[in-house]
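S.K.: for reference, the sequence and a predicted model appear below.
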Amino acid sequence: MVIEIKVYTSADEISNTLDKDISHTKSTLGEYLRRLDEIRSLAEKSKKIRELVMKLAGKKPGKDSLGEISMGNINIVLDANPFDELTAIETVVRSQQERLLILQKAREELKPFEQFNDTEGLTLHVVENNGIPERILFKMC
């Protein structure tokens, strides 16, 4: 989590920044969704092959990810398989979707502030949490 203060000269400037962030998040989300479709297909094929081999060997399927090591707050997956990648991409997609919804909501909530665009000498000091406006300080210069 990164909290910072950014200074804007108008509500339009804030809105434009949010619009760019929304556009970038949509683009990133689209890339991950394409990757998700690709890896999901690969994971399903891998699962079928694994189940068939295990059945032929007379063994029961085990855990999908055996080589996972934790180092502090980081998990390292050795010899990652399609299921590991699928899980990682699904996590990222959910996060991007949540960010997109929050950005869009913030953009909507800022619309009433557009009436301050013509106010000379007014700067808007915005406290942002990961690029999401949380507090706006109106300051006369």
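M.R.: Everything's here; your move. Residues are numbered from 1 along each chain as shown.
S.K.: ok, residue 96 - contacts?
M.R.: For residue 96, the residues meeting the contact criterion (C-beta atoms under 8 Å, 6 or more residues apart in numbering) are 25, 28, 29, 32. To be clear about C-beta, it is placed using only N, CA and C from the backbone, and glycine gets the same treatment.
S.K.: which one of those is nearest to residue 58?
M.R.: Checking these against residue 58 by C-beta to C-beta gives residue 32 as the nearest, at 38.8 Å.
S.K.: tell me the residue furthest from the middle of the chain?
M.R.: residue 58 (41.8 Å; C-alpha atoms, centre = their mean).
S.K.: ok, the residue positioned nearest the centre of the chain to residue 90 distance?
M.R.: The structure's the chain has its C-alpha centroid closest to residue 96; by C-alpha atoms, centre = their mean the separation is 2.5 Å. Taking C-beta to C-beta, to the nearest Å as the measure, residue 96 and residue 90 are separated by 11 Å.
S.K.: check which helices and strands the longest helix along the chain sits against.
M.R.: With secondary structure taken from DSSP state H, the chain has its longest helix at helix 11-57. In terms of contacts (3 or more C-beta pairs under 8 Å, 6 or more residues apart in numbering; DSSP states H and E), helix 11-57 is packed against strand 3-8, helix 82-109, strand 122-129, strand 132-140.
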